[in-house]
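Participant: I'll drop the sequence and a predicted model, then ask my questions.
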Amino acid sequence: MKKNSAAFFALLCCLLAASGTVIAENPFITDQFTADPTARVFNGKVYVYPSHDILAKEGMGRPGWFCMEDYHVFSSANLTDWTDHGVIVTQTKVDWVDASTYSMWAPDCIEKNGKYYFYFPAGVKKEYGRGSGVGVAIAEKPEGPYIPQPAPIKNLHGIDPNIFIDKDGQAYIYWAMGNISGAKLTDDLLELASEPQIIAEMPKEGLKEGPFLFERNGIYYMTYPHVQNKIERLEYAIGDNPMGPFKFTGVIMDESPTNCWTNHQSIVEYNQQWYLFYHHNDISPQFDKNRSIRVDSLFFNADGTIKKVTPTLRGVGLMAATKKLQLDRYTAISGEGASIAFLDTLDKHQGWQAIMDKPGAWFRYNSVDFGKKKLKKVTVNALSAAGGVIEIRIDKLDGPVIAVVTIPKHTGWTEVTAKVSKKTTGVHNLFAVSKDKPVAIDWLSFE
Ligand code: FUB
């Protein structure tokens with residue numbers, strides 16, 4: 001997204017802000033920090049309700065800790081174009097929330113009888129006790145407007161609410177407070193209908209939080225982040241009843257490779273594919289309380305167990321060749337000469353660049369949809385101080401060359417356009433291969 005002209009960049013920002021739409025790989029929201037993504041399928045689209053991390057300033061909660069004052073909701077029909085519907089609940093507009101706490105942690109949302117119930121934890125005012133309570137806000141549409149209930153749910157103290165409605169219509173709420181607890185909900189979804197109960201038979205040692213329960217083929221999967229070693233990994237336990245007992249079954253995702261202490265998951269099926277939503281700290285490598293949400297495909301074994309998910313940068317979904325393909329969100333790279341770096345270390349929200357500093361270095365970017373008509377040109381936003389040459393190939397590293405782009409010597413980012421020499425339609429994996437001097441690529445796009 002970086003341009004030589006500040007004016008052009010400002011205009012681009014205005015256009016993106018006006019539409020509220022971002023196109024993304026992993027992480028899939030980059031203009032703000034997001035965490036704890038609860039994904040739900042409503043009306044044929046995926047809606048994601050995350051926490052919204054911000055940097056704590058003087059007087060905002062606890063410096064050096066999580067800081068959250070509101071919630072946004074995002075939606076997508078293809079898991080690559082995401083619309084930010086803006087703020088749906090904010091701490092200063094909820095009667096029972098102590099707005100000095102900035103602790104609007106992981107939320108959830110569920111639909112019942114055409115209404116949407118958004119559950120969120122927050123620090124309570126003195127008259128409601130101490131610590132974190134959980135409240136509900138109700139809307140007619142998944143994106144709001146949401147009207148918060150005047151008081152938190154009675155008899156529930158904790159964080160990370162998660163709601164599950166079983167096939168018989170009974171709703172359950174789960175939450176965390178070191179351990180995971182659960183209870184039935186009343187029909188109107190606003191009160192506990194049973195005594196809170198600690199969900200037993202889960203790993204005894206180590207913090208567990210972020211419950212997310214789903215059912216598939218009669219198996220109830222209780223998923224949760226757990227500190228088995230030093231930081232959280234995603235695990236699951238299975239049972240044949242929403243209240244358990246659950247038996248520890250496996251690890252869904254190992255500890256974050258970037259050492260993000262927390263992780264937090266939700267699992268949904270959309271268009272016959274299952275997905276794991278989770279978070280890492282991609283845009284804030286030095287401070288893991290400013291996180292970013294991600295999504296990868298999830299698969300089951302024939303016996304119903306979950307195959308471990310390896311986090312990817314490419315994420316999910318087809319990417320239209322006419323979009324700005326961020327090569328730095330690659331599927332694979334050459335062992336030597338290929339790396340990524342932030343475009344601007346002072347503003348990491350601008351994203352990354354793909355660097356090839358040896359002839360033969362390459363990036364592979366999977367699942368590019370070239371559509372039905374011949375695309376004639378490719379534009380590459382590149383930087384090469386000595387002047388470089390990039391070959392664009394499809395399908396295999398030694399597959400057909402569809403364009404050769406000569407990047408002129410320049411010390412700034414330059415958009416270079418080259419002819420597409422081979423008619424390419426349908427979905428292909430793309431390779432960018434360096435043939436000459438070092439070059440960095442911000443994005444490439446076909447037209
Ligand atoms: O986002 C704050 C807390 O971090 C969440 O509530 C936990 O699940 C962990 O992700």
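Facilitator: Received it, and whenever you're ready, just let me know what you need.
Participant: Which parts of the stretch 301-447 of the chain are strands?
Facilitator: Taking DSSP state E, counting those that start in this stretch as the test, the strands found in the stretch 301-447 of the chain are 319-320, 332-333, 338-342, 352-356, 362-369, 377-384, 388-394, 401-407, 410-419, 427-434, 439-446.
Participant: ugh, typo on my part, it should be the stretch 51-200 of the chain
Facilitator: Using DSSP E, counting those that start in this stretch, the strands found in the stretch 51-200 of the chain span residues 70-76, 81-90, 108-112, 115-123, 132-139, 147-148, 159-165, 171-177, 179-184, 197-198.
Participant: quick one on the thing from earlier: and of the strands of the stretch 301-447 of the chain, who's closest to Arg62?
Facilitator: strand 338-342 (27.5 Å; C-beta to C-beta). Any C-beta I mention is one placed from the backbone N, CA and C, and that applies to glycine too.
Participant: by contact count, what packs against that closest one?
Facilitator: Using 3 or more C-beta pairs under 8 Å, 6 or more residues apart in numbering; DSSP states H and E, the elements in contact with strand 338-342 are strand 352-356.
Participant: Just give the strands next to the strand it packs on in its sheet, each with its orientation.
Facilitator: Using DSSP bridges, strand 352-356 pairs in its sheet with strand 338-342 (antiparallel), strand 439-446 (antiparallel).
Participant: low-confidence ranges in this protein?
Facilitator: Residues of the chain meeting the criterion pLDDT under 70: 1-24.
Participant: can I see the domain layout of it?
Facilitator: 3-298, 319-446 (automatic domain parsing).
Participant: export those to TSV and tack on distance to the ligand and mean neighbour count?
Facilitator: Shown next, in TSV, are those (distance: least, C-beta to the nearest ligand atom, whole Å; neighbours: other C-beta atoms under 10 Å):
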stretch	distance to the ligand	mean neighbour count
domain 3-298	3	18
domain 319-446	19	18
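Participant: on that earlier part again, kindly reformat the strands paired with strand 352-356 as CSV containing distance to Gly169.
Facilitator: CSV is the format used below for those (distance: least, C-beta to C-beta, whole Å):
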stretch, distance to Gly169
strand 338-342, 48
strand 439-446, 48
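Participant: tell me the contacts of Tyr221?
Facilitator: Leu213, Phe214, Glu215, Tyr236, Ala237, Ile238, Ile267, Ile306 (C-beta atoms under 8 Å, 6 or more residues apart in numbering).
Participant: ok, so of these, who is nearest Gly315?
Facilitator: Within the contacts of Tyr221, the smallest distance to Gly315 is 15.6 Å, found for Ile267 (C-beta to C-beta).
Participant: The closest one belongs to a strand, doesn't it?
Facilitator: Yes - assigned with DSSP: H, G, I helix; E, B strand; the rest coil, Ile267 falls within a strand.
Participant: What's opposite it in the beta bridge?
Facilitator: On the basis of DSSP bridges, Ile267 takes part in beta bridges with Leu276.
Participant: same question, Ser297
Facilitator: Beta-bridge partners for Ser297, by DSSP bridges, are Tyr275.
Participant: Please look at it and Phe277 and confirm they touch.
Facilitator: No - between Ser297 and Phe277 there is no contact under C-beta atoms under 8 Å: 11.2 Å.
Participant: what's the overlap in contacts for these two?
Facilitator: With C-beta under 8 Å, 6+ apart, Ser297 and Phe277 have no common neighbours.
Participant: Touching stretch 293-305 from outside, list them.
Facilitator: Contact partners of stretch 293-305, identified using C-beta under 8 Å, 6+ apart, comprise 26-29, 34-37, 39, 48, 50, 79, 216-217, 219, 238, 249-250, 252, 267, 273-280, 282, 306-307, 309-312, 315-316.
Participant: quick one: contacts for whichever residue of the stretch 301-447 of the chain sits closest to the ligand?
Facilitator: Closest residue of the stretch 301-447 of the chain to the ligand, C-beta to the nearest ligand atom: Pro311 (15.6 Å). Shown in contact with Pro311 (C-beta under 8 Å, 6+ apart): Asn26, Met253, Ser256, Pro257, Tyr278, His280, Arg294, Asp296.
Participant: give me phi/psi at it?
Facilitator: When read as degrees, to the nearest 10, the backbone of Pro311 gives phi -60, psi 140.
Participant: thinking Lys86 is in contact with Tyr71, fair?
Facilitator: Quick fix: residue 86 is Gly, not Lys. No - with contact defined as C-beta under 8 Å, Gly86 does not reach Tyr71; the gap is 10.0 Å.
Participant: which residues are common contacts for those two?
Facilitator: Common contact partners of Gly86 and Tyr71 (C-beta under 8 Å, 6+ apart): none.
Participant: Dig out what the closest residue in space to Lys93 that isn't next to it in sequence forms beta bridges with.
Facilitator: Excluding its sequence neighbours, the residue lying closest to Lys93 (C-beta to C-beta, 6 or more residues apart in numbering) is Pro148, at 7.0 Å. Beta-bridge partners recorded for Pro148 (DSSP bridges): Ala137.
Participant: tell me the contacts of Pro148?
Facilitator: Contacts of Pro148 (C-beta under 8 Å, 6+ apart): Val89, Lys93, Val94, Asp95, Gly135, Val136, Ala137.
Participant: So in terms of bridging, what pairs with the first one?
Facilitator: Legend: beta-bridge partners of Val89 under DSSP bridges are Tyr71.
Participant: give the contact list for it.
Facilitator: Per C-beta under 8 Å, 6+ apart, neighbours of Val89: Asp70, Tyr71, Met104, Phe118, Phe120, Ala137, Tyr146, Pro148.
Participant: In TSV: those residues, plus distance to Ile333.
Facilitator: What follows is the contacts of Val89, written out as TSV (distance: C-beta to C-beta, whole Å):
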residue	distance to Ile333
Asp70	37
Tyr71	36
Met104	38
Phe118	40
Phe120	40
Ala137	44
Tyr146	43
Pro148	47
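Participant: Which one of those is nearest to Gly337?
Facilitator: Using C-beta to C-beta, these come closest to Gly337 at Tyr71, 42.7 Å.
Participant: Looks like the closest one contacts Gln91 (just checking).
Facilitator: No - counting by C-beta under 8 Å, Tyr71 does not reach Gln91; the two are 9.5 Å apart.
Participant: Ok, which of the strands paired with strand 352-356 comes nearest Lys423?
Facilitator: Per C-beta to C-beta, nearest to Lys423 of the strands paired with strand 352-356: strand 439-446, 12.0 Å.
Participant: Other residues contacting that closest one?
Facilitator: By C-beta under 8 Å, 6+ apart, strand 439-446 touches 1-2, 321-328, 341, 343, 351, 353-356, 363, 370, 375, 377-384, 388, 390, 392, 407, 413, 420, 432.
Participant: quick one on the thing from earlier: hey, what's in contact with both of Tyr71 and Gln91?
Facilitator: With C-beta under 8 Å, 6+ apart as the test, Tyr71 and Gln91 both reach Met104.
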